[in-house]
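> Here is the input, now give the coordinates:
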Amino acid sequence: MTATDQKSTKVTCDNCGTKNRVPAVAQGVPRCAKCSTPLRWVVDANDEEFHAVADESSLPVLVDVWAPWCGPCRMVSPALEKLAGELAGRLKLVKVNADDNPEVSRRFEVQAIPTLVLLDHGEVADKQIGALPEHQLRSWLEPRLPASAS
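Numbers count the residues shown, from 1 in each chain. Here you go, the predicted structure:
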């Protein structure tokens, strides 16, 4: 078992309030242990674990390439987290710090941050550079995602 296999995040179910552990790597859609509602799936990943966390995901993955010193990155992050909750079961958000993970930045030819890359089974489906307001992010994302949680 690798460190990525053991890595998890505590997520509170928006439906019933139950606290759940959501693993960084899992098959299918993470669901609440009590009510089976799809859970928000947000994972921090580095160069070494990116393939397992993002490329092998059964859900579309929104990769947020950001940096802690970047003002626009800090502005867009809450909107991305909110959308990850609203689109639970349809999307996995993977956050990658560009400063610490040059391989991911190189792979997606990141020249400005924030850069958002939408992956479908490890393949780039679309890319968005720069910070957008939440409603524009939603308008960009929703048509590119499956209709509902599987």
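> Which residues are in contact with the residue nearest the centre of the chain?
By C-alpha atoms, centre = their mean, the chain has its centre lying nearest to L93, at 0.7 Å. Residues in contact with L93 (C-beta atoms under 8 Å, 6 or more residues apart in numbering) are W41, V42, V43, V61, L62, D64, L80, E81, L83, A84. For the C-beta atoms, the positions are set from N, CA and C on the backbone; glycine is no exception.
> For it, give me the pLDDT.
Note for L93: predicted pLDDT of 97.
> Make 552 the first number, not 1, from now on.
All right, first residue 552 from here; so that's L644.
> Show the backbone phi and psi for it.
phi -100, psi 120 (degrees, to the nearest 10).
> Would you map the helices across the chain?
Listed in chain order, the helices of the chain (DSSP state H) span 554-557, 601, 622-637, 653-658, 685-692.
> so which of these comes closest to T588?
helix 622-637 (11.0 Å; C-beta to C-beta).
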